[in-house]
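*Asks:* Next one to model:
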Amino acid sequence: MNRAFTLHDVLVAGAALAAGIAAGLLLRAALRWLGRHADRTRWSGDDVIVDALRSVVPWATIAAGLAVATAALPLTETVGRNVNRTLTVLLILVVTFTAARVISGLVKAKSGVAGSATIFVNITRIAVLAIGFLVVLQTLGISIAPLLTALGVGGLAVALALQDTLANLFAGVHILASKTVQPGDYIRLSSGEEGYVVDINWRNTVVRQLSNNLVIIPNAQLAGTNMTNFTRPEQQLSIMVQVGVGYDSDLEHVERVTTEVVESVMTEITGGVPDHEPAIRFHTFGDSRISFTVILGVGEFSDQYRIKHEFIKRLHQRYRAEGIRIPSPARTVALHQSGEIAIPHQRGPSKPVP
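*Replies:* Got it, this is the predicted structure:
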């Protein structure tokens, strides 16, 4: 120490520390008020930024108060330098963790569903934390050049040991970058798995089935298999329902009644597409019926079950009211006294005779 502590030194240091704490509390209150206004905006990124500032600003003001208090005290040059270095390292750590949270939050809040994939969030967070760690080492006077060299040599060994893990990592990045699959899409693999994509992380893609079971698929397997995406390029899709009526039916009447049922389902049932144009196509003279296809529009893949359910119920009820017959397969079997079985006339699909 260059000189002894005096009451004036203690008062000045205490005042500086108190000013830093008071400034931190005031700024935190101001940021809390700003955060309430940020909640009213449509962009969620400002919420992330304000929330992060509420964490870093008070610590920064307190660190500034401690730095001023340290400068006011009659400390030796070595002690003063160590205290300032410690405060700088603490401030860098706070800023690093806050920056990691802000950037990962902005990745989540950015436009497009790809932001909800944790693989991008985790990569961003790790990159920011690694940069902050290197800055801390540099601040402490530790040379980072040998460390980077060691990481380069060790990275090759790690890459050879973690080939499968890295393959899944890069496959996940490729899937998201190509935008073939995004969280929220409904997919079906050639192996039979299907469901909504919940998340794409550094190793797996998590798919939630309609039964709420989770299917875990390695990213490399997902990238290398045949897959149908029912959400892209458009979420709306068309489904087909097969119907048949008797040969004695008036097909113009059948088409008109069926069109009215389709229009009611599209406009009244959740999941239907109100502007969908009903499409009815007769295509086959069957054994007992004239078959045709009804094309319905649905908002997304899972809506098709509700739409089919309501359409079949309403169509059956309307056909009964209009006197339109839906024939069932029938057959005529003649049994002779000799024991031989003859089928002189058959309608509908053939069946083995017991």
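*Asks:* what are the phi and psi angles of the most centrally placed residue in the chain?
*Replies:* Here the mean C-alpha position of the chain is nearest to the C-alpha of P183 (Cα atoms, centre = their mean), at a distance of 3.0 Å. Backbone torsions of P183, given as degrees, to the nearest 10, read phi -60, psi 130.
*Asks:* Could you report the distance from it to R289?
*Replies:* As judged by Cβ to Cβ, to the nearest Å, P183 and R289 stand 45 Å apart. Just so you know, the C-beta spots here come from the backbone N, C-alpha and C atoms, and that holds for glycine as well.
*Asks:* V198 is in contact with the residue nearest to the centre of the chain, correct?
*Replies:* Yes: using Cβ atoms under 8 Å, P183 makes contact with V198 at a distance of 6.5 Å.
*Asks:* where exactly do the strands run in the stretch 201-350 of the chain?
*Replies:* 204-208, 214-218, 227-229, 237-245, 279-285, 290-298, 331-335, 341-346 (DSSP state E, counting those that start in this stretch).
*Asks:* The third one pairs with which strands?
*Replies:* For strand 227-229, the paired strands and their directions (DSSP bridges) are strand 186-189 (antiparallel).
*Asks:* thinking again about what came up before, can you add mean neighbour count, mean pLDDT and distance to Y319 and give the strands of the stretch 201-350 of the chain back as a markdown table?
*Replies:* Listed next are these as a markdown table, based on neighbours: other Cβ atoms under 10 Å; pLDDT from 0 to 100; distance: least, Cβ to Cβ, whole Å:
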| stretch | mean neighbour count | mean pLDDT | distance to Y319 |
| --- | --- | --- | --- |
| strand 204-208 | 20 | 90 | 38 |
| strand 214-218 | 15 | 91 | 40 |
| strand 227-229 | 15 | 90 | 33 |
| strand 237-245 | 16 | 93 | 8 |
| strand 279-285 | 12 | 93 | 14 |
| strand 290-298 | 19 | 94 | 12 |
| strand 331-335 | 11 | 68 | 23 |
| strand 341-346 | 10 | 51 | 25 |
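*Asks:* Redo the ones you listed as JSON lines? Include distance to L11.
*Replies:* What follows is the strands of the stretch 201-350 of the chain, written out as JSON lines (distance: least, Cβ to Cβ, whole Å):
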{"stretch": "strand 204-208", "distance to L11": "60"}
{"stretch": "strand 214-218", "distance to L11": "63"}
{"stretch": "strand 227-229", "distance to L11": "70"}
{"stretch": "strand 237-245", "distance to L11": "75"}
{"stretch": "strand 279-285", "distance to L11": "87"}
{"stretch": "strand 290-298", "distance to L11": "75"}
{"stretch": "strand 331-335", "distance to L11": "109"}
{"stretch": "strand 341-346", "distance to L11": "110"}
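*Asks:* Where does pLDDT dip in the protein?
*Replies:* Along the chain, segments meeting pLDDT under 70 span 1-9, 38-40, 42-48, 72, 75-76, 107-118, 120, 147-163, 330-354.
*Asks:* Break it down into its domains, please.
*Replies:* 7-161, 166-229, 237-322 (automatic domain parsing).
*Asks:* Which among these is found nearest to S328?
*Replies:* Of all the domains of the chain, the one in closest proximity to S328, counting by Cβ to Cβ, is domain 237-322 (7.5 Å).
*Asks:* mind checking which helix or strand V197 is in?
*Replies:* Secondary structure from DSSP states H and E places V197 in strand 194-200.
*Asks:* any residues touching that strand, and which ones?
*Replies:* Under the criterion Cβ atoms under 8 Å, 6 or more residues apart in numbering, residues 116-119, 172, 175-176, 181-188, 205-210, 214-215, 219 lie in contact with strand 194-200.
*Asks:* Show me which positions of that strand end up buried.
*Replies:* 194-198, 200 (16 or more other Cβ atoms under 10 Å).
*Asks:* how big is the angle separating it from strand 214-218?
*Replies:* With axes from the mean of the first three to the mean of the last three Cα atoms, to 10 degrees applied, the angle from strand 194-200 to strand 214-218 works out at 70 degrees.
*Asks:* Adjacent strands (with direction) for strand 194-200?
*Replies:* strand 186-189 (antiparallel), strand 204-208 (antiparallel).
*Asks:* For the longest one, what is the distance to the chain centroid?
*Replies:* The one in question is strand 204-208. 10 Å (Cα atoms, centre = their mean, to the nearest Å).
*Asks:* I'd guess I175 is in a strand, am I close?
*Replies:* No: in this structure, I175 is helix, not part of a strand, as judged by DSSP: H, G, I helix; E, B strand; the rest coil.
*Asks:* The closest residue to it other than its chain neighbours: how many residues sit nearby?
*Replies:* Closest residue in space to I175, ignoring its immediate chain neighbours: V181 at 5.3 Å, by Cβ to Cβ, 6 or more residues apart in numbering. Number of residues near V181 (other Cβ atoms under 10 Å) recorded here: 24.
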